[in-house]
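# coords below, sequence missing:
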């Protein structure tokens with residue numbers, strides 16, 4: 001197996017171990033055994049358990065960013081809806097290997113905080129562009145606060161029986177509109193066209 005593929009395999013397996021056993025109880029030896037490699041090789045790629053955990057968090061962050069990326073052929077409202085649905089799916093335990101960006105935050109607060117902040121910075125900038133908002137500290141702060149709200153809500157109710165997911169999506173959209181004083185469903189189409197042209201520029 002190529003080194004990049006082997007690292008990706010170890011990260012996938014480690015994600016499941018961290019999710020099921022927690023950071024403290026996850027064993028580098030058990031992760032190596034499931035990957036079919038020596039513990040020394042795992043430490044070759046990831047010098048410490050913290051380094052492996054950081055790689056897992058970054059992998060989850062990248063996956064979430066990919067799942068929530070906007071399609072400029074869709075309306076802003078449809079994009080926000082799709083992104084919130086992706087958040088709910090990301091925090092669902094049905095994913096089995098889900099580690100999400102908050103797991104073990106009390107054990108590794110610095111790592112979790114750094115990766116979460118970087119993830120939210122990218123998402124915040126995407127929303128600013130999608131909704132053609134003023135790119136200023138107040139708006140960015142409002143969107144970042146909204147992302148914290150969506151993250152907390154998704155984590156709390158992702159697998160709660162009896163809760164209609166579309167009701168959750170609608171609540172998140174109303175909260176975004178209130179936070180930014182916008183109407184996500186009424187953004188003019190020509191703004192989307194402008195954004196598309198900007199993206200296509202070399």
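Looks like it arrived, so ask away. Every value quoted in this text rests on a predicted model; they were computed, and no experiment measured them.
# from residue 44, how far off is the most centrally placed residue in the chain?
For the chain, residue 64 is the residue whose C-alpha lies nearest the centre (CA atoms, centre = their mean; 3.5 Å). Computed with CB to CB, to the nearest Å, the distance linking residue 64 and residue 44 is 28 Å. Every residue, glycine included, has its C-beta placed from N, CA and C.
# now for the residue nearest to the centre of the chain: which residues touch it?
Residue 64 makes contact with 86-87, 90, 101, 119 under the criterion CB atoms under 8 Å, 6 or more residues apart in numbering.
# which of these sits closest to residue 78?
When those are compared for distance to residue 78, the smallest value, 12.6 Å, is given by residue 86; criterion: CB to CB.
# ok, now how distant is the nearest residue to the closest one once chain neighbours are set aside from residue 57?
Of all residues not flanking residue 86 in the chain, residue 67 sits nearest, at 4.0 Å (CB to CB, 6 or more residues apart in numbering). When CB to CB is applied, the distance between residue 67 and residue 57 equals 16 Å.
# next: residue 159.
Relative to residue 57, residue 159 is positioned 21 Å away (CB to CB).
# ok, those two, which is more surrounded?
residue 57 (27 against 12; other CB atoms under 10 Å).
# tell me which helix or strand that one sits in.
Secondary-structure element containing residue 57, defined by DSSP states H and E: helix 49-67.
# off-centre distance for that helix?
Its chain's average C-alpha position is 9 Å from that of helix 49-67, according to CA atoms, centre = their mean, to the nearest Å.
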